[in-house]
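Colleague: Any chance you could fold what I've pasted below:
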Amino acid sequence: MNQNRWLQLWHARRADAAAMSIIVLFFVLIFCWVPLSGRFFIAGDAFVYSYPLRTVAWDAIRQGSLPLWTPLIMSGYPLLSMSQLGLGYPLTWGYLFLPGYWAEQIYVLAPYLLAPAFTYAYAREINRSRTAALLAGFAYGYGGMMASALANNGMLTNAEMWLPLMLIGIERARTKTLMPCLLLAGGAYTMSVLTGIGQGFVYVAMVAISYGLFISIGSAWRWIGERSRSPQKRLGWRQWRPLFVAVGAIIMAVGLAAFQILETLRAARRSVRSVLSYETFSEGSFSFLVAWKSLVTPLYLETDVTTYTPPLALCLAVLGIAAALRGKQSDRRVFFWLATAVAAWVMILGSYTPLYRLVYHIPALNRFRVPSRHTFEWTFAVGVLAAYGWDSIRKIASPLRSSHRLPRDQETIAGIFLLMLCVVVGWYWWAATGKAAPPGARFLTGQPESLYILWKGIFTLLVLAATWQSWRVAARGWRTALLTATLMVACFVEPFILISRWWFPPAKTAERITLVSPVTQFLQHYAPEQNRVYTCVQVFSEESSLPRFDAHNLSMLHGLHNVAGYEPLLLERYSRALGNINLDTVNPRPGFAPDATLFTSQSHVLSMLNTTFLVALSNPAAVSGPLIEKDGISFTATNISVGVTAGATAMLDGASAEGDTLVLVSSLAHSPAEIEGSTIAKLRLFTVDNRVIERDLRAGADTAEWAHERADVRVGVRHSLAPVFESWPGDADNSFQAHTYWTRIPLDERLRLSRVEIINLSSNASLAIWKATLFDSATKHSTPLSAFRIDPKQWQTVYSKDNVLILRNNRVLPRLWLVAEAEAVDGEEALKRIRG
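Modeller: The predicted structure is shown next:
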């Protein structure tokens with residue numbers, strides 16, 4: 001009896017099993033190449049954030065303790081509140097019994113197997129054919145959200161892949177027993193919530209509730225299934241069951257994941273992201289042109305996601321919509337997915353549409369930035385619409401088989417020939433994108449964008465021709481095989497190009513992932529409990545090379561206790577203490593200037609945090625961001641913003657760089673009384689061999705009043721304009737141009753610079769230094785200088801190698817000490833005194 005039941009089930013589902021095998025084959029063909037070479041897709045946030053944190057958390061669990069707190073980053077942080085670790089999510093449990101890099105690899109790649117499979121299952125649930133369901137699965141599973149530069153961290157992809165499984169539960173609630181449907185939808189959404197990626201599971205909930213409401217109303221008005229002109233008399237309980245399942249699934253998931261969500265909410269309320277400004281909320285919006293380019297030429301954009309969908313899927317989606325509008329498609333779900341695609345496209349445009357201001361006031365949505373990440377809904381909706389279009393074309397193609405212009409065998413051969421042409425063109429297209437990009441190029445390919453479009457156009461035309469020819473094949477077996485192979489090729493080539501160019505280069509060997517850097521080896525000689533370190537370096541600076549140091553979260557793997565860390569929910573008070581730093585605990589938050597006192601004796605912050613060692617680059621400006629060039633001299637794109645008020649002194653780090661010309665970009669304020677040629681500031685340049693060279697900074701020759709052109713200033717200013725570096729509107733009415741000025745100060749010899757001291761000699765004028773570079777006229781090499789101020793009396797160099805310094809804090813305090821006197825002050829006063 002049981003054997004007969006299994007045989008019946010096999011006969012009923014063997015075609016679906018074959019489809020699942022095709023999904024597995026597709027996955028293997030996309031991703032097998034790098035693992036076979038002994039490397040792992042662990043890069044970006046997966047490498048510097050998830051991998052070290054999960055390794056430490058699961059090590060604690062293996063040792064029998066709960067991962068509630070870690071002293072290893074940010075001077076101590078509530079580990080359980082880091083919801084993005086997904087400790088309750090089953091796909092992270094591989095850390096219990098596998099090496100961390102293998103466990104992280106499973107987490108990153110699982111969505112590319114499960115998302116197409118779940119989407120296939122949903123498409124079959126709404127009565128799409130198997131090949132149409134495969135197309136939907138590939139279009140979503142390898143579309144612009146999933147096959148993107150961002151997706152190699154696995155975060156949003158894991159959260160969003162559970163949507164189709166949740167929709168199956170909602171769909172079945174119309175006709176089947178309620179409890180299994182609720183458990184299916186609730187289980188799927190619980191998996192999404194347990195990933196801890198709030199942006200992902202909130203977007204999933206939005207789609208699920210909307211779908212449940214549509215199905216409930218559609219069931220009453222007979223929009224779903226058979227068409228009818230007359231609605232049912234009322235919306236009874238049975239019609240509301242899909243919406244009940246959608247809402248119930250969300251409530252169930254929130255309850256099961258409460259242990260994680262509540263901790264995260266507590267941290268979020270105290271973090272630098274407790275409230276997002278509209279500018280932050282809308283950053284990452286696509287203009288219509290960028291959205292279009294990301295659909296057509298996704299490889300040529302520096303965005304974390306794209307709107308890409310396979311051209312075949314896009315064409316079939318349009319066909320499916322047209323069939324529904326002409327009344328040839330009885331299933332009104334088409335209109336739901338059309339509305340979803342349109343709404344997603346509008347959301348992707350973000351601040352480029354007036355509607356996004358309204359979205360900013362929706363509580364659930366105004367916590368998440370980067371509107372372009374709504375490509376999730378866009379690609380899923382297009383995939384489902386493409387499935388409807390695929391089935392619509394069957395009705396068009398079927399009559400053509402009865403009137404063959406060619407013998408049946410020749411129809412099949414023609415289909416095979418066109419399919420092979422698609423494969424050949426796809427291969428050469430992929431190879432063409434492998435041309436190396438020139439140094440400093442913005443994109444990861446040296447192929448011109450116009451050639452990319454040409455290759456894509458030829459490939460798309462061949463795919464459409466092969467699809468049409470395959471539909472004309474009379475033999476059912478050959479027709480199914482050719483159609484399946486064609487849609488696989490159509491959905492394979494461009495995602496493979498994108499993944500191979502974005503993902504393959506940063507893939508790492510196990511040896512690279514576990515390598516201990518020389519700096520870490522040095523620091524491991526000191527007890528971490530008494531010697532906290534501060535890796536004041538860029539978080540991704542060593543990812544693509546052999547590491548000189550282990551930055552931020554990576555230092556956790558080797559037991560170091562770090563002041564730095566990389567965490568989106570960085571506590572605001574901690575950020576303020578370190579000079580309003582951003583989530584990387586090094587760079588300032590938008591709108592804040594760098595803290596020039598943190599490494600001086602004026603500030604007690606690092607000493608009170610038991611910071612014994614500071615890890616920094618000899619020239620921090622060298623990796624602080626992109627560069628700009630003017631007349632062959634390079635400067636940091638961001639301003640160093642060093643202000644020197646009247647009578648004050650400021651310092652620039654010389655970085656031990658070599659050069660013979662100091663180039664400064666500056667401006668004056670409150671300086672109309674300064675006469676032409678008067679000395680505004682004395683520059684004292686200290687060399688590494690303890691020599692001092694002095695130069696003057698003069699009004700009218702080297703610098704000038706920033707508002708020199710303003711009407712009330714121009715009539716009384718006593719010095720002329722210095723050479724202008726940059727200009728911009730001086731006020732909202734653009735009534736005058738504001739300027740910064742630049743000067744080249746010859747040093748008369750080639751020297752190695754230790755530091756630059758700037759002494760403002762004016763009694764009224766304030767001097768601002770915006771950029772500084774040491775230029776070598778012989779080699780044409782520029783070394784941008786920074787305002788990275790270190791008090792040499794407090795910080796002693798104990799390690800210097802490969803442009804990396806380790807400095808020891810001579811005033812470090814233990815983590816606990818006794819005091820003879822105490823004073824009660826509020827938090828703001830305490831922070832002010834600690835920061836000096």
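
Colleague: How much space separates the nearest residue to L487 once chain neighbours are set aside from A15?
Modeller: Counting by CB to CB, 6 or more residues apart in numbering, the nearest residue to L487 once its immediate chain neighbours are dropped is L135, at 5.1 Å. No exception for glycine: its C-beta is placed from N, CA and C like everyone else's. L135 sits 15 Å away from A15, going by CB to CB, to the nearest Å.

Colleague: ok, and what's touching stretch 476-485?
Modeller: Identification of contacts with stretch 476-485 by CB atoms under 8 Å, 6 or more residues apart in numbering yields 22, 131, 134, 412, 415-416, 419, 466-467, 469-471, 473.

Colleague: so of these, which ones are in helices?
Modeller: Under the assignment DSSP state H, the contacts of stretch 476-485 contribute 22, 131, 134, 412, 415-416, 419, 466-467, 469-471 to helices.

Colleague: residues touching the closest residue to A510 other than its chain neighbours, list them.
Modeller: Of all residues not flanking A510 in the chain, Y101 sits nearest, at 5.8 Å (CB to CB, 6+ apart). Contacts of Y101 were listed using CB under 8 Å, 6+ apart, and they are 40, 42, 51, 510, 513-514.

Colleague: quick check: domain ranges of this protein?
Modeller: With automatic domain parsing as the criterion, the domains of the chain are listed as 408-503, 517-523+532-538+547-570+600-618+793-836, 625-785.

Colleague: Quick one: mean pLDDT for the second one?
Modeller: When the per-residue pLDDT values of domain 517-523+532-538+547-570+600-618+793-836 are averaged, the result is 86.

Colleague: Quick one: distance of that domain to the chain centre.
Modeller: Centroid separation between domain 517-523+532-538+547-570+600-618+793-836 and its chain, computed with CA atoms, centre = their mean, to the nearest Å, is 28 Å.

Colleague: try the longest one
Modeller: Distance, stretch centre to chain centre, for domain 625-785: 36 Å (CA atoms, centre = their mean).

Colleague: now stretch 16-34
Modeller: The answer for stretch 16-34 is 27 Å, by CA atoms, centre = their mean.

Colleague: what helix or strand does the residue nearest to L134 when sequence neighbours are not counted sit in?
Modeller: Leaving aside its chain neighbours, L134 sits nearest to A19 (5.7 Å; criterion: CB to CB, 6+ apart). According to DSSP states H and E, A19 maps onto helix 2-31.

Colleague: and that helix, average pLDDT?
Modeller: Mean per-residue pLDDT for helix 2-31: 82.

Colleague: Could you do stretch 739-756 as well?
Modeller: The pLDDT scores in stretch 739-756 average 91.

Colleague: Roughly how far does A431 sit from P448?
Modeller: Counting by CB to CB, the gap from A431 to P448 is 15 Å.

Colleague: Same question for T649.
Modeller: 52 Å.

Colleague: cool, A481 as well?
Modeller: Taken as CB to CB, the span from A481 to P448 is 37 Å.

Colleague: More neighbours: which of the two?
Modeller: A count of neighbours by other CB atoms under 10 Å puts A481 above the other of A481 and P448, at 17 against 12.

Colleague: Just give me how far the helix or strand containing the more buried one sits from the chain centre.
Modeller: If you go by DSSP H and E, A481 is part of helix 476-502. A distance of 28 Å separates the centroid of the chain from that of helix 476-502, by CA atoms, centre = their mean.

Colleague: buried set for it?
Modeller: 478-502 (16 or more other CB atoms under 10 Å).

Colleague: now do stretch 57-67
Modeller: 57-60, 67.

Colleague: likewise stretch 33-42?
Modeller: Neighbour-count burial for stretch 33-42, counted by 16+ other CB under 10 Å, picks out 34, 39-42.

Colleague: And stretch 154-173, by the same measure?
Modeller: Quick answer for stretch 154-173 (16+ other CB under 10 Å): 154-173.

Colleague: Which ones among the residues you listed map onto helices?
Modeller: 155-160, 163-172.

Colleague: just for the stretch 401-550 of the chain, where's the confidence low?
Modeller: Across the stretch 401-550 of the chain, the ranges flagged by pLDDT under 70 are 401-408, 439-442.

Colleague: Which residues are in contact with E749?
Modeller: D660 are the contacts of E749 under CB under 8 Å, 6+ apart.

Colleague: So for the helix or strand harbouring it, what gets flagged as buried?
Modeller: Using DSSP H and E, E749 maps to strand 737-760. When burial is assessed from 16+ other CB under 10 Å, strand 737-760 yields the following buried residues: 738-743, 745, 747, 751, 753-760.

Colleague: Repeat that for stretch 564-582.
Modeller: Buried residues in stretch 564-582 (16+ other CB under 10 Å): 564-572, 574-581.

Colleague: repeat for stretch 461-477
Modeller: 462-473.

Colleague: which one among those residues gets closest to L316?
Modeller: Taking CB to CB as the measure, L316 lies nearest T467 of these, at 8.8 Å.

Colleague: R174 contacts L243, doesn't it?
Modeller: No: with contact defined as CB atoms under 8 Å, R174 does not reach L243; the gap is 10.8 Å.

Colleague: Between the two, tell me which one has more neighbours.
Modeller: Between R174 and L243, counted using other CB under 10 Å, the more crowded position is L243 (22 against 18).

Colleague: Quick check: closest non-adjacent residue to F635.
Modeller: Using CB to CB, 6+ apart, the nearest residue to F635 is K771, at 4.3 Å.

Colleague: Next one: that neighbour from K630, what distance?
Modeller: To K630, K771 is 10 Å away according to CB to CB.

Colleague: joint contacts of these two?
Modeller: Common neighbours of K771 and K630 (criterion: CB under 8 Å, 6+ apart): 725, 742.
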